[in-house]
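**Student:** Pasting a predicted model and its sequence here:
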Amino acid sequence: MSADSFRGIFRNKHADKQFTLPRMHVYGFSKAQDPEFDFHEKIRIALSEVAFEVQMHKVRLVAPGKWMLCASFVLPETVAFAK
């Protein structure tokens, strides 16, 4: 599933009502020197978001120098309610 699958997913809901946005758990891989930063940047770019809080942890080393990571974050309102 691509990041575009989430863009505007709640556009037909009323943003002014009390609404809890979903917590996303995204898994991915990185061979970068700083894999957490690299994966966070990939997510940020995919969602077209400048800044949002992400909890990141390394899951396991899957190959020499290649990490599997898990990123957890609340889907940003600007993505969820995009038109």
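**Tutor:** Arrived safely, thanks for sending. Numbering: from 1, shown residues only.

**Student:** longest helix of the protein?
**Tutor:** Counting residues, the longest helix found in the chain (DSSP state H) is helix 35-47.

**Student:** helices and strands around whichever helix or strand comes after it, which ones?
**Tutor:** Downstream of helix 35-47, the next assigned helix or strand under DSSP states H and E is strand 55-63. Applying 3 or more Cβ pairs under 8 Å, 6 or more residues apart in numbering; DSSP states H and E, one finds that strand 55-63 makes contact with helix 35-47, strand 66-74. For every residue, glycine as well, the C-beta is placed using N, CA and C.

**Student:** Direction included, what does the shortest one pair against?
**Tutor:** Spelled out, it's strand 66-74. Strand 66-74 pairs in its sheet with strand 23-30 (antiparallel), strand 55-63 (antiparallel), by DSSP bridges.

**Student:** Residues contacting the longest one, please?
**Tutor:** Which is strand 55-63. For strand 55-63, contacts defined as Cβ atoms under 8 Å, 6 or more residues apart in numbering pick out 27, 29, 35-36, 39-40, 67-73.

**Student:** OK, contacts around the residue most central in space within the chain?
**Tutor:** Residue closest to the mean C-alpha point of the chain, counted by Cα atoms, centre = their mean, is Ile43 at 4.7 Å. By Cβ under 8 Å, 6+ apart, the residues touching Ile43 are Ala3, Val26, Gly28, Val54, Ala71, Phe73.

**Student:** I'm done for today, thanks for sticking with me.
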